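S.K.: Fold the following, please.
(one chain, ligands or ions: 1)
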Amino acid sequence: MPSPKAKTSGGRSGSSPGIGGNGRYEFMSLNRRPPQHLLQRQGSDPTSARLRASESPTRRRGSGSSNASTSSTGGQLPEEDCMRLNPSIVGIALSSLLATDLWLSKRLGVCACEDSSWGSIRPLMKLIEISGHGIPWLVGAAYCLYKSDSAAGQEVMLNLLMALVLDLILVGIVKAVVRRRRPSHNRMDMFATFSVDRYSFPSGHATRAAMCGRFLLAHLVLAAPLRVLVILWATLVGFSRVLLGRHNVTDVAFGFGMGYCQYNLVEALWMSSATLNGLMGQFA
Ligand SMILES: CC(C)=CCC/C(C)=C/COP(=O)(O)O
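M.R.: Numbers count the residues shown, from 1 in each chain. The predicted structure is shown next:
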(Lines give C-alpha, C1' and ligand atoms only; values in the text may rest on other atoms or scores of the structure.)
Protein backbone atom coordinates (compact mmCIF):
# COMPACT_ATOMS: atom_id res chain seq x y z
CA MET A 1 0.00 0.00 0.00
CA PRO A 2 1.69 3.26 -1.03
CA SER A 3 2.62 5.50 1.85
CA PRO A 4 0.40 8.66 1.96
CA LYS A 5 3.48 10.60 3.05
CA ALA A 6 5.46 9.72 -0.07
CA LYS A 7 5.68 12.54 -2.62
CA THR A 8 3.88 11.11 -5.62
CA SER A 9 4.87 11.71 -9.23
CA GLY A 10 3.61 8.46 -10.67
CA GLY A 11 0.37 6.53 -11.09
CA ARG A 12 -2.26 6.21 -8.38
CA SER A 13 -3.63 2.69 -8.13
CA GLY A 14 -1.48 -0.44 -8.10
CA SER A 15 1.72 1.44 -7.46
CA SER A 16 4.38 1.36 -4.77
CA PRO A 17 6.74 4.19 -3.70
CA GLY A 18 10.38 4.06 -4.74
CA ILE A 19 13.22 6.59 -4.42
CA GLY A 20 13.53 8.31 -7.78
CA GLY A 21 16.79 9.49 -9.36
CA ASN A 22 16.16 12.97 -7.94
CA GLY A 23 15.98 11.54 -4.38
CA ARG A 24 12.20 12.19 -4.29
CA TYR A 25 9.73 9.36 -3.69
CA GLU A 26 8.09 8.18 -6.91
CA PHE A 27 5.16 5.83 -7.43
CA MET A 28 5.70 3.00 -9.91
CA SER A 29 3.16 0.70 -11.48
CA LEU A 30 3.54 -2.89 -10.29
CA ASN A 31 2.50 -4.05 -13.73
CA ARG A 32 5.35 -2.28 -15.52
CA ARG A 33 9.09 -3.05 -15.09
CA PRO A 34 10.48 -0.32 -12.77
CA PRO A 35 12.81 2.26 -14.38
CA GLN A 36 16.43 1.08 -14.52
CA HIS A 37 17.66 3.72 -12.04
CA LEU A 38 15.32 2.25 -9.44
CA LEU A 39 16.56 -1.32 -9.81
CA GLN A 40 19.06 -1.20 -6.97
CA ARG A 41 21.51 -4.03 -6.23
CA GLN A 42 19.89 -6.23 -3.51
CA GLY A 43 20.57 -5.02 0.04
CA SER A 44 22.10 -1.69 -1.01
CA ASP A 45 18.96 0.34 -0.51
CA PRO A 46 15.58 0.01 1.24
CA THR A 47 13.97 0.50 -2.13
CA SER A 48 15.45 -2.75 -3.36
CA ALA A 49 13.70 -4.46 -0.43
CA ARG A 50 10.53 -2.64 -1.41
CA LEU A 51 10.94 -3.60 -5.07
CA ARG A 52 11.48 -7.14 -3.91
CA ALA A 53 8.26 -6.87 -1.92
CA SER A 54 6.35 -5.30 -4.81
CA GLU A 55 7.59 -8.12 -7.01
CA SER A 56 6.57 -10.77 -4.49
CA PRO A 57 5.57 -14.17 -5.90
CA THR A 58 1.94 -13.64 -4.87
CA ARG A 59 1.74 -10.34 -6.76
CA ARG A 60 3.56 -11.70 -9.81
CA ARG A 61 1.36 -14.80 -9.72
CA GLY A 62 -1.64 -12.43 -9.62
CA SER A 63 -0.34 -10.53 -12.67
CA GLY A 64 -0.02 -13.77 -14.64
CA SER A 65 3.80 -13.86 -14.65
CA SER A 66 5.36 -17.23 -15.36
CA ASN A 67 8.31 -17.08 -12.86
CA ALA A 68 6.55 -16.93 -9.51
CA SER A 69 9.61 -16.49 -7.34
CA THR A 70 11.95 -14.27 -9.34
CA SER A 71 12.71 -10.69 -8.35
CA SER A 72 12.33 -7.69 -10.63
CA THR A 73 15.95 -8.12 -11.65
CA GLY A 74 15.28 -11.77 -12.66
CA GLY A 75 17.20 -13.20 -9.64
CA GLN A 76 15.81 -15.95 -7.37
CA LEU A 77 14.05 -14.47 -4.29
CA PRO A 78 15.70 -15.72 -1.03
CA GLU A 79 13.49 -18.28 0.76
CA GLU A 80 12.94 -15.99 3.77
CA ASP A 81 11.58 -13.27 1.45
CA CYS A 82 9.20 -15.72 -0.18
CA MET A 83 8.07 -16.96 3.21
CA ARG A 84 7.69 -13.43 4.63
CA LEU A 85 5.93 -12.14 1.55
CA ASN A 86 3.35 -14.94 1.64
CA PRO A 87 1.71 -14.66 5.10
CA SER A 88 -0.69 -17.49 5.88
CA ILE A 89 -4.42 -16.80 5.88
CA VAL A 90 -4.34 -17.36 9.65
CA GLY A 91 -1.62 -14.73 10.01
CA ILE A 92 -3.66 -12.28 7.96
CA ALA A 93 -6.81 -13.04 9.98
CA LEU A 94 -4.96 -12.60 13.30
CA SER A 95 -3.42 -9.32 12.14
CA SER A 96 -6.85 -8.07 11.08
CA LEU A 97 -8.36 -9.15 14.42
CA LEU A 98 -5.57 -7.37 16.32
CA ALA A 99 -5.97 -4.20 14.27
CA THR A 100 -9.74 -4.22 14.78
CA ASP A 101 -9.24 -4.92 18.51
CA LEU A 102 -6.89 -1.97 18.96
CA TRP A 103 -9.12 0.35 16.93
CA LEU A 104 -12.34 -0.65 18.74
CA SER A 105 -10.70 -0.51 22.17
CA LYS A 106 -9.41 2.99 21.46
CA ARG A 107 -12.89 4.06 20.37
CA LEU A 108 -14.53 2.51 23.45
CA GLY A 109 -12.01 4.02 25.91
CA VAL A 110 -14.41 6.94 26.45
CA CYS A 111 -13.50 7.53 30.10
CA ALA A 112 -9.79 6.71 30.04
CA CYS A 113 -9.20 10.06 31.77
CA GLU A 114 -11.21 12.99 33.16
CA ASP A 115 -11.16 14.98 29.92
CA SER A 116 -12.21 12.03 27.73
CA SER A 117 -15.55 12.27 25.94
CA TRP A 118 -17.34 10.44 28.80
CA GLY A 119 -14.89 11.53 31.53
CA SER A 120 -17.79 12.42 33.83
CA ILE A 121 -18.62 8.74 34.37
CA ARG A 122 -15.03 7.83 35.23
CA PRO A 123 -15.70 7.89 39.02
CA LEU A 124 -18.59 5.45 38.54
CA MET A 125 -16.40 3.16 36.39
CA LYS A 126 -13.67 3.33 39.04
CA LEU A 127 -16.24 2.25 41.63
CA ILE A 128 -17.19 -0.73 39.46
CA GLU A 129 -13.47 -1.43 39.03
CA ILE A 130 -13.02 -1.60 42.82
CA SER A 131 -16.03 -3.92 43.11
CA GLY A 132 -14.19 -6.37 40.84
CA HIS A 133 -10.77 -5.98 42.48
CA GLY A 134 -9.19 -9.02 44.13
CA ILE A 135 -8.66 -7.46 47.56
CA PRO A 136 -12.31 -6.60 48.39
CA TRP A 137 -13.32 -10.12 47.35
CA LEU A 138 -10.59 -11.81 49.44
CA VAL A 139 -11.36 -9.67 52.50
CA GLY A 140 -15.12 -10.16 52.04
CA ALA A 141 -14.85 -13.94 51.69
CA ALA A 142 -12.55 -14.18 54.72
CA TYR A 143 -14.93 -12.04 56.79
CA CYS A 144 -17.95 -14.14 55.80
CA LEU A 145 -15.98 -17.30 56.65
CA TYR A 146 -15.13 -15.86 60.08
CA LYS A 147 -18.73 -14.80 60.76
CA SER A 148 -20.29 -18.02 59.41
CA ASP A 149 -21.67 -20.33 62.09
CA SER A 150 -22.76 -23.21 59.82
CA ALA A 151 -20.64 -25.93 58.25
CA ALA A 152 -22.29 -25.30 54.88
CA GLY A 153 -21.53 -21.58 55.03
CA GLN A 154 -17.93 -22.22 56.01
CA GLU A 155 -17.59 -24.75 53.20
CA VAL A 156 -18.84 -22.27 50.60
CA MET A 157 -16.66 -19.40 51.84
CA LEU A 158 -13.54 -21.56 52.05
CA ASN A 159 -14.06 -22.72 48.47
CA LEU A 160 -14.66 -19.12 47.39
CA LEU A 161 -11.37 -18.11 48.98
CA MET A 162 -9.58 -20.91 47.18
CA ALA A 163 -11.27 -19.93 43.90
CA LEU A 164 -10.06 -16.34 44.28
CA VAL A 165 -6.50 -17.46 44.96
CA LEU A 166 -6.66 -19.87 42.01
CA ASP A 167 -7.85 -16.99 39.81
CA LEU A 168 -4.98 -14.75 40.88
CA ILE A 169 -2.43 -17.50 40.20
CA LEU A 170 -3.79 -18.49 36.78
CA VAL A 171 -4.25 -14.90 35.59
CA GLY A 172 -0.78 -14.00 36.87
CA ILE A 173 0.74 -16.90 34.92
CA VAL A 174 -1.03 -16.01 31.67
CA LYS A 175 -0.17 -12.32 32.04
CA ALA A 176 3.48 -13.17 32.71
CA VAL A 177 3.61 -15.46 29.64
CA VAL A 178 1.73 -13.27 27.13
CA ARG A 179 3.15 -9.93 28.45
CA ARG A 180 0.79 -7.84 26.34
CA ARG A 181 1.14 -4.14 27.11
CA ARG A 182 -1.93 -2.25 28.31
CA PRO A 183 -3.59 0.15 25.83
CA SER A 184 -1.58 3.30 25.20
CA HIS A 185 -4.51 5.47 26.37
CA ASN A 186 -4.67 3.77 29.78
CA ARG A 187 -3.82 5.89 32.84
CA MET A 188 -2.37 3.38 35.30
CA ASP A 189 -4.01 4.71 38.48
CA MET A 190 -5.39 1.41 39.83
CA PHE A 191 -4.85 0.76 43.53
CA ALA A 192 -2.97 -2.31 44.85
CA THR A 193 -1.55 -4.02 41.79
CA PHE A 194 1.01 -6.78 41.37
CA SER A 195 3.97 -6.55 39.02
CA VAL A 196 2.17 -8.65 36.39
CA ASP A 197 -0.78 -6.26 36.52
CA ARG A 198 1.11 -3.98 34.20
CA TYR A 199 0.20 -6.48 31.53
CA SER A 200 -3.12 -6.44 29.78
CA PHE A 201 -3.92 -10.00 28.74
CA PRO A 202 -6.16 -11.30 30.15
CA SER A 203 -8.28 -8.94 32.26
CA GLY A 204 -8.10 -10.18 35.86
CA HIS A 205 -11.27 -8.25 36.64
CA ALA A 206 -13.11 -10.03 33.82
CA THR A 207 -11.95 -13.48 34.92
CA ARG A 208 -12.94 -12.71 38.53
CA ALA A 209 -16.32 -11.27 37.54
CA ALA A 210 -17.21 -14.30 35.42
CA MET A 211 -15.95 -16.83 37.98
CA CYS A 212 -17.51 -15.11 41.02
CA GLY A 213 -20.72 -14.43 39.12
CA ARG A 214 -21.11 -18.15 38.39
CA PHE A 215 -20.10 -18.98 41.98
CA LEU A 216 -22.74 -16.69 43.51
CA LEU A 217 -25.48 -17.90 41.17
CA ALA A 218 -24.62 -21.54 41.95
CA HIS A 219 -24.16 -21.36 45.73
CA LEU A 220 -26.39 -18.55 46.94
CA VAL A 221 -30.17 -18.81 47.00
CA LEU A 222 -31.03 -15.57 45.21
CA ALA A 223 -34.36 -14.26 43.99
CA ALA A 224 -34.60 -13.68 40.23
CA PRO A 225 -33.99 -9.88 40.38
CA LEU A 226 -30.82 -10.47 42.40
CA ARG A 227 -29.65 -13.10 39.93
CA VAL A 228 -30.11 -10.56 37.13
CA LEU A 229 -28.18 -8.03 39.24
CA VAL A 230 -25.24 -10.45 39.58
CA ILE A 231 -25.11 -10.98 35.82
CA LEU A 232 -25.40 -7.22 35.22
CA TRP A 233 -22.59 -6.54 37.69
CA ALA A 234 -20.26 -9.06 36.02
CA THR A 235 -21.02 -7.58 32.59
CA LEU A 236 -20.43 -4.03 33.82
CA VAL A 237 -17.09 -5.00 35.37
CA GLY A 238 -15.96 -6.34 32.01
CA PHE A 239 -17.20 -3.31 30.09
CA SER A 240 -15.63 -0.91 32.60
CA ARG A 241 -12.20 -2.35 31.78
CA VAL A 242 -12.49 -1.19 28.17
CA LEU A 243 -14.28 2.10 28.96
CA LEU A 244 -11.54 2.99 31.47
CA GLY A 245 -8.90 2.16 28.87
CA ARG A 246 -7.40 -0.55 31.10
CA HIS A 247 -7.85 -3.28 28.50
CA ASN A 248 -8.48 -4.12 24.90
CA VAL A 249 -11.72 -5.84 23.96
CA THR A 250 -9.96 -9.16 23.40
CA ASP A 251 -8.40 -9.02 26.90
CA VAL A 252 -11.86 -8.81 28.45
CA ALA A 253 -13.47 -11.33 26.10
CA PHE A 254 -10.78 -13.89 26.85
CA GLY A 255 -11.00 -13.00 30.55
CA PHE A 256 -14.72 -13.75 30.62
CA GLY A 257 -14.13 -17.10 28.92
CA MET A 258 -11.23 -17.96 31.22
CA GLY A 259 -13.22 -17.03 34.33
CA TYR A 260 -16.17 -19.07 33.15
CA CYS A 261 -13.90 -22.10 32.72
CA GLN A 262 -12.13 -21.42 36.04
CA TYR A 263 -15.42 -21.99 37.81
CA ASN A 264 -15.64 -25.45 36.28
CA LEU A 265 -12.21 -26.12 37.81
CA VAL A 266 -13.42 -24.82 41.19
CA GLU A 267 -16.37 -27.23 41.06
CA ALA A 268 -14.02 -30.08 40.13
CA LEU A 269 -11.70 -29.26 43.05
CA TRP A 270 -14.58 -28.53 45.48
CA MET A 271 -13.59 -29.21 49.10
CA SER A 272 -16.54 -30.59 51.11
CA SER A 273 -16.96 -29.90 54.83
CA ALA A 274 -15.79 -33.45 55.65
CA THR A 275 -12.63 -32.96 53.58
CA LEU A 276 -12.01 -29.54 55.12
CA ASN A 277 -12.52 -30.89 58.66
CA GLY A 278 -10.15 -33.72 57.87
CA LEU A 279 -7.55 -31.22 56.66
CA MET A 280 -8.13 -28.98 59.70
CA GLY A 281 -7.82 -32.04 61.94
CA GLN A 282 -4.46 -32.87 60.38
CA PHE A 283 -3.14 -29.35 60.92
CA ALA A 284 -4.76 -28.87 64.33
C1 LIG B 1 -3.57 -7.38 44.64
C2 LIG B 1 -4.64 -8.36 44.39
C3 LIG B 1 -5.06 -9.30 45.51
C4 LIG B 1 -5.22 -8.47 43.21
C5 LIG B 1 -4.83 -7.66 42.04
C6 LIG B 1 -6.11 -7.24 41.35
C7 LIG B 1 -5.80 -6.54 40.07
C8 LIG B 1 -5.26 -5.18 40.13
C9 LIG B 1 -5.96 -7.20 38.96
C10 LIG B 1 -5.74 -6.59 37.63
O11 LIG B 1 -6.99 -6.63 36.97
P12 LIG B 1 -7.01 -6.26 35.41
O13 LIG B 1 -6.11 -7.24 34.72
O14 LIG B 1 -8.45 -6.40 35.01
O15 LIG B 1 -6.53 -4.85 35.29
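S.K.: so which strand or helix has Ala141?
M.R.: Taking DSSP states H and E as the definition, one finds Ala141 inside helix 134-147.
S.K.: Surely Gly119 is in contact with Cys111?
M.R.: Yes. The pair Gly119 / Cys111 is scored as a contact, 5.5 Å apart, by CB atoms under 8 Å. Placement of C-beta: from N, CA and C, glycine included.
S.K.: pull the longest helix from this structure.
M.R.: Counting by DSSP state H, the longest helix found in the chain is helix 151-178.
S.K.: angle of it against helix 134-147?
M.R.: Relative orientation of helix 151-178 versus helix 134-147 (axes from the mean of the first three to the mean of the last three CA atoms, to 10 degrees): 160 degrees.
S.K.: now for helix 151-178, which elements pack on it?
M.R.: helix 134-147, helix 204-219, helix 249-268, helix 273-283 (3 or more CB pairs under 8 Å, 6 or more residues apart in numbering; DSSP states H and E).
S.K.: Go through these and find the least confident stretch.
M.R.: Within the helices and strands packed on helix 151-178, the stretch with the lowest mean pLDDT is helix 273-283, showing a mean of 75.
S.K.: name the helices or strands packed onto it?
M.R.: helix 151-178.
S.K.: So which bits of the helix it packs on are buried?
M.R.: 154-161, 163-164, 167-168, 170-172, 174-175 (16 or more other CB atoms under 10 Å).
S.K.: how close does Arg179 sit to Ala206?
M.R.: Separation of Arg179 from Ala206 (CB to CB, to the nearest Å): 18 Å.
S.K.: higher neighbour count, the two?
M.R.: For the pair Arg179 and Ala206, the greater number of neighbours falls to Ala206 (30 against 12), based on other CB atoms under 10 Å.
S.K.: Tell me who's in contact with the more buried one.
M.R.: Going by CB atoms under 8 Å, 6 or more residues apart in numbering, Ala206 touches 237-238, 241, 247, 251-256, 258-259.
S.K.: Return only those of those found close to the ligand.
M.R.: Restricting those to those touching the ligand (CB under 6 Å from any ligand atom) yields Arg241.
S.K.: residue contacts, the closest residue to the ligand within the stretch 51-200 of the chain?
M.R.: Residue nearest to the ligand within the stretch 51-200 of the chain: Gly134 (2.9 Å; CB to the nearest ligand atom). The contact partners of Gly134, by CB under 8 Å, 6+ apart, come to 164, 167-168, 204, 208.
S.K.: thinking again about what came up before, need the winner for burial among the helices and strands packed on helix 151-178.
M.R.: Highest mean neighbour count among the helices and strands packed on helix 151-178 (mean count of other CB atoms under 10 Å): helix 204-219, with a mean of 24.
S.K.: Do any residues in it lie close to the ligand?
M.R.: Yes. Interface with the ligand: helix 204-219 contributes 204-205 (CB under 6 Å from any ligand atom).
S.K.: coming back round to it: which pair in the contacts of Gly134 spans the largest distance?
M.R.: Leu164 and Gly204 (10.7 Å; CB to CB).
S.K.: Can you give me the separation between Met280 and the ligand?
M.R.: To the ligand, Met280 is 24 Å away according to CB to the nearest ligand atom, to the nearest Å.
S.K.: For this protein, list the residues in contact with the ligand, please.
M.R.: Counting by CB under 6 Å from any ligand atom, the chain comes close to the ligand at 133-135, 138, 168, 190, 192-194, 197, 203-205, 241, 246.
S.K.: before we move on, the earlier item: please say which of Gly119 and Cys111 ends up with more neighbours.
M.R.: For Gly119 versus Cys111, the count of surrounding residues by other CB under 10 Å is larger for Cys111: 21 against 13.
S.K.: if I look at the residue lying closest to the more buried one once chain neighbours are set aside, how far off is Ala218?
M.R.: In this structure, Cys111 finds its nearest non-sequential neighbour in Arg122, 4.2 Å apart by CB to CB, 6 or more residues apart in numbering. Here Arg122 is placed at a distance of 33 Å from Ala218 (CB to CB).
S.K.: Please apply the same query to Leu276.
M.R.: As judged by CB to CB, Leu276 and Ala218 stand 18 Å apart.
S.K.: again with Ala141
M.R.: From Ala141 to Ala218 the distance is 15 Å (CB to CB).
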